[in-house]
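S.K.: one predicted model, sequence on top.
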Amino acid sequence: MAFINTRPRTPPTKIDHFLGINEDTSGSTQLKLGESPNMLNFRLTENYKMRKREGYTSLFATLAAIRGMWYGKVGGSFHFLFAANGNVYEHNLVTGVNTSIGTLTDAKTSFFAFGGKVYMLNGTEYKSWNGTTFADVSGYIPLIATATPPAGGGTPNEGLNLLTGKKRQTFSGNGSATVYQLAETSLTSVDVVKVGGVVKTVTTDYTVNLTTGAVTFVAAPATGVDNVDIQWTKGTGQRSEVTGHKFAMFYGGQNDTRVFVYGNGTNRYIYTGLAAGVPSAEYFPALYYREISSNEFAVTDIVRQYDRQIIYTNGGETWYSYYDPITDSNGDVTPDFPTFPLNDTIGNVAPGQSQLIQNNPFSIQNGVYEWGATNVRDERNAVYKSKRVQPSLDGEDLTQAITVDWETKSEYWLAIDNRVWVYNYRLDAWYKFKTADPIKCFLVIDGEMYIGTDQTIMKFDTNDRTDDGTAIAATWEMNFYDFETDWLIKYLSKIFVSIQPGSKEKVELSWQTNNATSTQSYVIEYNTIDFGNIDFESFSFLNNLNPQPFRLKIKAKKFVYFKLILSNDSLSANATILSINLLSRTGGESK
């Protein structure tokens, strides 16, 4: 029996796990197969395949730069609010109509909901809306003393509120005294006087001496405990201590009972107290503040991690805090949040942009860092995450970065203008997007991404193939690959590319070697019947929805390194790449 000896066929080089972008400064020849030195507007799917990113569509016509967005429940129903053009608008997601609910300074605005209201901070004002009324936050009126004898004194109760110059004091009448001495003198006004819960009338029932702070009754109040309640105003408080801040977070140890506000450009942040024992976003006791490190640095962000706060500064320092209440000899409890240094070299330079990703904070300082366990001081707590995209980040002003966690896609987005760096934390891969419009703010609603631009609000949608009418140019470059034999020349004549079928799928291919560039491009298209978007010029009867391989014949010869380039800039076609197979053979030694 005769045998014919055949030369074993070299298996093709296969790429079916795309690993995102790696901007290694030592060159693309050092990258892993599947990593790309240049990847734009492609994202990775759950199983490491590559798909052109979705586009977006505007929610309404041109208005103005979007300064902030919020979505949540207030007044018993859900509302979509945004700040723009010196107004806060409510956007109706069904009708597309915008309705102004109030005015405020045209500046970056952060929103947060607390206690049945939505609040707004912009570094100048502190506003609230309860679903009906939009107004400046006037502030809780603290009861500063109780059980006060008519002559003054009493038991200290609540501290002054930075938001207002108003105070209350309750007295215990003795049936004979008519003069009641308040805790302050040189008053602006006496606003409300009650005896036994009944409001009294000035002149008819009492007179006031604003200079001495004395209230004189025509008839002495009856004997009782805290049966005389007097409210007055002195000055306007220290509102700028609150309104100068731009960001807020909730914290209280094991729960979120207090509002911490920060971001006024200093190393100080302040927090709320309990108003008559109830959590409130409108009561900032004058002594409830902390100062972090040196006053030459500013607190830029505060993030909760488990039962701790992580406090970032722009001076390369990070601190932590926890709830540690102090109980005095009388049993009175005072909240305390002691602070301790955590890291002396890494902080956060992008105000208000730290994100909590799977219980670990991400901060920005000369790159992106992930913070692991922060229960002890350890420089290893901060893990450098952006090494693979650091060369392009190095050319950016990271203080202008804005971020968001698109949790349903496991993506952390960092945007500066229209450039977006995306970290897929489930796949541990980076990729980059470039949008047609500058991104001013982010919002995720029920897993859907919205961006505020310099003119309107856009919504990303998997059915959108353009950025509000502008083509999305997607590119992926293979690393310069030597087929694991950099001492031999190679020949490559066939490429097999598998794509996911869809109503319109298109990929354009070209290639480069260390000594030549393809003189033509190769186009792969697959169009199934879709009566929602039929293009009769490229009509086909293809209806197979299984992955489709395409064979391309090329003439790449006598090379050491090879690179494949994929692109799609179509206004209507998508592109999902499943695998690439490169059929090559080796020749003699490289010279």
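M.R.: Great, that's in hand.

S.K.: list the beta-bridge partners for the spatially most central residue of the chain.
M.R.: Nearest to the geometric centre of the chain sits Val404, at 3.7 Å (CA atoms, centre = their mean). Assessed by DSSP bridges, Val404 has beta-bridge partners Trp413.

S.K.: which strand residues bridge Thr216?
M.R.: Val179, Thr207.

S.K.: neighbours around it, how many?
M.R.: When neighbours are counted by other CB atoms under 10 Å, Thr216 registers 12. Any C-beta I mention is one placed from the backbone N, CA and C, and that applies to glycine too.

S.K.: what sits against it?
M.R.: 178-180, 206-209 (CB atoms under 8 Å, 6 or more residues apart in numbering).

S.K.: just among those residues, which is most surrounded?
M.R.: Top of the contacts of Thr216 by neighbour count (other CB under 10 Å): Tyr180, with 24 neighbours.

S.K.: isn't that residue up against Thr170?
M.R.: No. Taking contacts as CB atoms under 8 Å, Tyr180 lies outside contact range of Thr170: 10.4 Å.

S.K.: roughly how far does the residue nearest to the centre of the chain sit from Gly352?
M.R.: 12 Å (CB to CB, to the nearest Å).

S.K.: OK, contacts around the residue nearest to the centre of the chain?
M.R.: Here Val404 is in contact with 355, 412-413, 442-444, 449 (criterion: CB under 8 Å, 6+ apart).

S.K.: and these, which of them are in strands?
M.R.: 355, 412-413, 442-444, 449 (DSSP state E).

S.K.: now do the helices in the stretch 251-400 of the chain.
M.R.: 390-393 (DSSP state H, counting those that start in this stretch).

S.K.: pLDDT weak spots in it?
M.R.: Applying pLDDT under 70 to the stretch 251-400 of the chain picks out residues 253-254, 373-380.

S.K.: adjacent strands (with direction) for the helix or strand bottoming out on mean pLDDT in the chain?
M.R.: Least confident helix or strand, the chain: strand 333-334 with a mean of 79, by mean pLDDT, DSSP states H and E. Partner strands for strand 333-334, per DSSP bridges, with pairing direction: strand 326-327 (antiparallel).

S.K.: picking that back up, Throw the ones in strands among the contacts of Val404 into a markdown table and include distance to Leu160 and neighbour count, thanks.
M.R.: Shown next, in a markdown table, are the ones in strands among the contacts of Val404 (distance: CB to CB, whole Å; neighbours: other CB atoms under 10 Å):
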| residue | distance to Leu160 | neighbour count |
| --- | --- | --- |
| Gln355 | 35 | 19 |
| Tyr412 | 41 | 22 |
| Trp413 | 42 | 22 |
| Phe442 | 37 | 18 |
| Leu443 | 36 | 21 |
| Val444 | 39 | 18 |
| Met449 | 43 | 20 |
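
S.K.: widest-spaced pair of those residues?
M.R.: Tyr412 and Leu443 (15.3 Å; CB to CB).

S.K.: spatially nearest residue to Ala281, not counting backbone neighbours?
M.R.: Phe114 (4.2 Å; CB to CB, 6 or more residues apart in numbering).

S.K.: tell me the bridge partners for that neighbour.
M.R.: Lys117.

S.K.: right, and it touches Phe260 too?
M.R.: No. Checked against CB under 8 Å, the pair Phe114 and Phe260 is beyond contact range at 11.5 Å.

S.K.: and for the two, which residues touch both?
M.R.: Phe250.

S.K.: more neighbours, these two?
M.R.: Comparing Phe114 with Phe260 by other CB under 10 Å, the one with more neighbours is Phe260, at 26 against 18.

S.K.: which residues does stretch 106-115 contact?
M.R.: 64, 67-70, 72-74, 81, 83-86, 88, 118-124, 246-248, 250, 259, 279-281, 352, 441.

S.K.: please narrow these to those residing in strands.
M.R.: Counting by DSSP E, the contacts of stretch 106-115 contribute 67-70, 72-74, 81, 83-84, 88, 118-121, 247-248, 250, 259, 279, 441 to strands.

S.K.: what subset of these is buried?
M.R.: Burial by neighbour count, judged by 16 or more other CB atoms under 10 Å, picks out 67-70, 74, 81, 83-84, 88, 118-121, 247-248, 250, 259, 279, 441 from these.

S.K.: would you mind pulling the contact partners of the least confident helix or strand of the chain?
M.R.: 325-328.

S.K.: tell me, what's the model's pLDDT at Asp446?
M.R.: Here the pLDDT value assigned to Asp446 is 96.

S.K.: from Thr408, how far off is it?
M.R.: Asp446 is 9 Å from Thr408, by CB to CB.

S.K.: more neighbours, the two?
M.R.: Thr408 (11 against 7).

S.K.: now do the end-to-end distance for stretch 176-188.
M.R.: Stretch 176-188 has its terminal residues 28 Å apart, counting by CA to CA, to the nearest Å.

S.K.: ok, the closest residue to Gly252 other than its chain neighbours - contacts?
M.R.: Take Gly252 and drop its neighbours on the chain: the residue closest to it by CB to CB, 6+ apart is Arg258, 4.8 Å away. Neighbouring residues of Arg258 by CB under 8 Å, 6+ apart: 250-252, 271-273, 279, 335.

S.K.: how about those in JSON lines, adding distance to Asp464?
M.R.: Below are the contacts of Arg258 laid out as JSON lines (distance: CB to CB, whole Å):
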{"residue": "Phe250", "distance to Asp464": "35"}
{"residue": "Tyr251", "distance to Asp464": "38"}
{"residue": "Gly252", "distance to Asp464": "42"}
{"residue": "Tyr271", "distance to Asp464": "42"}
{"residue": "Thr272", "distance to Asp464": "42"}
{"residue": "Gly273", "distance to Asp464": "47"}
{"residue": "Pro279", "distance to Asp464": "42"}
{"residue": "Pro335", "distance to Asp464": "48"}
